[in-house]
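> Task: produce atomic coordinates for the following.
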Amino acid sequence: MTGSGLFRNDVRRAHVPRLPLAEQRRYGAAFRRLTEFATLMHRAAEVGDDVVRLAMHGLTSGAFAPHTSPQTKGD
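Numbers count the residues shown, from 1 in each chain. Okay, the predicted model is just below:
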């Protein structure tokens, strides 16, 4: 423990597994697919936010009217 109260790790002593090239490629492909999926999910969330924002604007501006269904009571 140092005077600051933090533990220090010596990165020179870190164990780094050595994977065969084929295994590295498999992991690389999996990480690429996950990154692509995360990007698509972020984009879908952005588009969803835009749709909600535009729908709210449409309702408050009078451009849209709420749907009247037979199940709605009192409207």
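
> Can you show me the helices along the chain?
Secondary structure of the chain (DSSP state H): helices at 21-61.

> Low-confidence bits of it, can you list those?
1-5, 72-75 (pLDDT under 70).

> Could you give the number of residues near residue 64?
Neighbours of residue 64 under the rule other Cβ atoms under 10 Å: 13. Bear in mind the C-beta positions are built from the backbone N, C-alpha and C, glycine included.

> List the residues that contact it.
When contacts are counted by Cβ atoms under 8 Å, 6 or more residues apart in numbering, residue 64 touches 55, 58.

> if you set the cut-off to 10 Å instead, what comes out?
By Cβ atoms under 10 Å, 6 or more residues apart in numbering, the contact set of residue 64 is 54, 55, 56, 57, 58.

> distance of residue 22 from residue 45?
35 Å (Cβ to Cβ, to the nearest Å).

> Which of those two has more residues huddled nearby?
It is residue 45, of residue 22 and residue 45, that has more neighbours when counted by other Cβ under 10 Å, with 10 against 7.

> From the chain's centroid, how far away is stretch 15-23?
Counting by Cα atoms, centre = their mean, to the nearest Å, stretch 15-23 is centred 29 Å from the centre of its parent chain.

> Give me the contacts around that stretch.
So stretch 15-23 is contacted by 24, 25, 26, 27 (Cβ under 10 Å, 6+ apart).

> what about 7 Å?
Outside stretch 15-23, no residue is within contact range by Cβ atoms under 7 Å, 6 or more residues apart in numbering.

> Any idea how far apart the tips of it sit?
Taking Cα to Cα, to the nearest Å, stretch 15-23 runs 18 Å from one end to the other.

> What of stretch 10-26?
First-to-last residue span, stretch 10-26, Cα to Cα: 30 Å.
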